[in-house]
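Student: this one's sequence-less:
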């Protein structure tokens, strides 16, 4: 928990929690000096011997905010710093605070396993993960607990199958923000349904909300993040509340818990087309719409994925039996609302999964941008316009979606999962072109490579030039080439790409091809590296390598 800034209030809160029978105390390196305050308070109230300390690491401060850092060395360093702050109190459970998209997940999980092997901590676990990440981690380490957001206002862990999976594996599920978090707790505690149940039990709305959480499964533990002694005592009382069937049903109706579906019939067909951004979902949805399916798409209708499930419910209630949805449903939790809505009407829901490789989805997104702008937009344009127009994504946004993707599984409730492999549709034939990586211009064997291409084909010389000055060199080197020759460089800096023009992303060759009527699949890419070969494969171009000798 994040302790209040007043250290004496913090110590009193911890003491009150311990006196009320609470033995598990949650902290993190990212919570300032909470760990040291926790150690002091536990010793002062005599609860240090029976306390079980949970803490987290794997975050770093960048520009005033915390971002994941799952490198093995960083996790180890954070763990050692936590042990020092706790001043001799042992860590019962150590969690990685969040997956780091820049570090392979297996690297982070193996680093956790080594902490147990080396005797630094008793157990390890994961925080803020999905079911797929948990499943991967289970093959690499003994996972004792998973900590995720879970409350009556946030049931994604239930819908995403994480609660169920933890119960199957006998893994503790620690629910953080169990009252909805600081921004939503006020409105939650004023909820009429909660208040009614609370009055019937002579309890507070907060205690009922926590009791609902603990009633989900025997392995669920809540950490309310008490900041006052009375809040700590209230949290402890919640564990003794027993919700009767009527109270459970009232809360389920109020907060949209999953309802049991009616038996599916063969008289309808709800299709969810899923895949990463750029996978080609629109084409499939339009084909189904031409066959009479009602298409529900957030980009056209507005709202959220959750509201689309409401639109599906309305359509089925109005007698529509064939509906297609084709937004980017990355997670089991997001897709569950569609399965639920179909099930309430006895209509089966099936999933069409476009298993499009990232590189080909990138081509599709660049082509979409060229259609929209007539050229490659700058990062500033992309960032500004993406706030108002759907489908205009940066490479990092697309990569983020890929990391969040949970492939569909039959236990989600699908009647069928159709996996569609990628196949690029034939386009209008264009003429051949030549794409030359800038590094190849400096090699003596470039002339040999050029003898293998059409001398009349337009030529693009492309490169990355974040420091400036490289374009002039390329212009001079390219002046010796025959025919129509253009140079194009990406001027944007290192780090996660914010543009589509940085090689080996396909933006520069595709923009050139569009401008000159070139068919990339009939073209040749001359390069020097594996990245150039990969780009040629993405474009469908023939790759010719230029060697030093």
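Tutor: Cool, the structure landed. Since the model is a prediction, treat every value here as computed from it, not as a measurement.

Student: Leaving out the residues flanking it, which one is nearest to residue 396?
Tutor: Leaving aside its sequence neighbours, residue 396 sits nearest to residue 496 (CB to CB, 6 or more residues apart in numbering; 4.7 Å). Heads up, the C-betas are built off the backbone N, CA and C, glycines and all.

Student: Now do the contacts for the one you found.
Tutor: Counting by CB atoms under 8 Å, 6 or more residues apart in numbering, residue 496 makes contact with 102, 395-396, 399.

Student: Which secondary structure state is assigned to it?
Tutor: Put simply, residue 496 is coil when judged by DSSP: H, G, I helix; E, B strand; the rest coil.

Student: That one and residue 510, how far apart?
Tutor: Counting by CB to CB, to the nearest Å, the gap from residue 496 to residue 510 is 21 Å.

Student: ok, now residue 161?
Tutor: Counting by CB to CB, the gap from residue 161 to residue 510 is 39 Å.

Student: what's the nearest residue to residue 336 if we skip its chain neighbours?
Tutor: In space, and not counting its chain neighbours, residue 336 is closest to residue 159: 3.9 Å by CB to CB, 6+ apart.

Student: For the one you found, which residues are in contact?
Tutor: Contacts of residue 159 by CB under 8 Å, 6+ apart are 258, 332-333, 336-337.

Student: Taking those, tell me the two that lie furthest apart.
Tutor: 258 and 332 (11.8 Å; CB to CB).

Student: Look at these two and report which has more neighbours.
Tutor: Counted by other CB atoms under 10 Å, residue 258 and residue 332 do not tie: residue 332 has more neighbours, with 23 against 15.

Student: circling back to that earlier point, taking the contacts of residue 496 together, which two end up most distant?
Tutor: Within the contacts of residue 496, two members stand farthest from each other by CB to CB: 102 and 395, at 13.7 Å.

Student: Which of the two has more residues huddled nearby?
Tutor: A direct count of neighbours by other CB under 10 Å for residue 102 and residue 395 places residue 395 higher, at 20 against 12.

Student: Tell me how far that one lies from residue 512.
Tutor: Taken as CB to CB, the span from residue 395 to residue 512 is 19 Å.

Student: now residue 160
Tutor: For residue 160, the distance to residue 512 - CB to CB - is 43 Å.

Student: And residue 463, by the same measure?
Tutor: The gap separating residue 463 from residue 512 is 13 Å, by CB to CB.

Student: Give me the secondary structure label for the residue nearest to residue 482 when sequence neighbours are not counted.
Tutor: Spatial nearest neighbour of residue 482, excluding adjacent residues (CB to CB, 6+ apart): residue 455 at 5.9 Å. Following three-state DSSP, we place residue 455 in the coil state.

Student: okay, now residue 455: neighbour count?
Tutor: With other CB under 10 Å as criterion, residue 455 counts 11.

Student: That one against residue 483, yeah?
Tutor: Yes. Checked against CB atoms under 8 Å, the pair residue 455 and residue 483 is within contact range at 6.4 Å.

Student: Any idea which helix or strand in the chain has the lowest mean pLDDT?
Tutor: Ranked by mean pLDDT, DSSP states H and E, the weakest helix or strand in the chain is helix 470-478, scoring a mean of 73.
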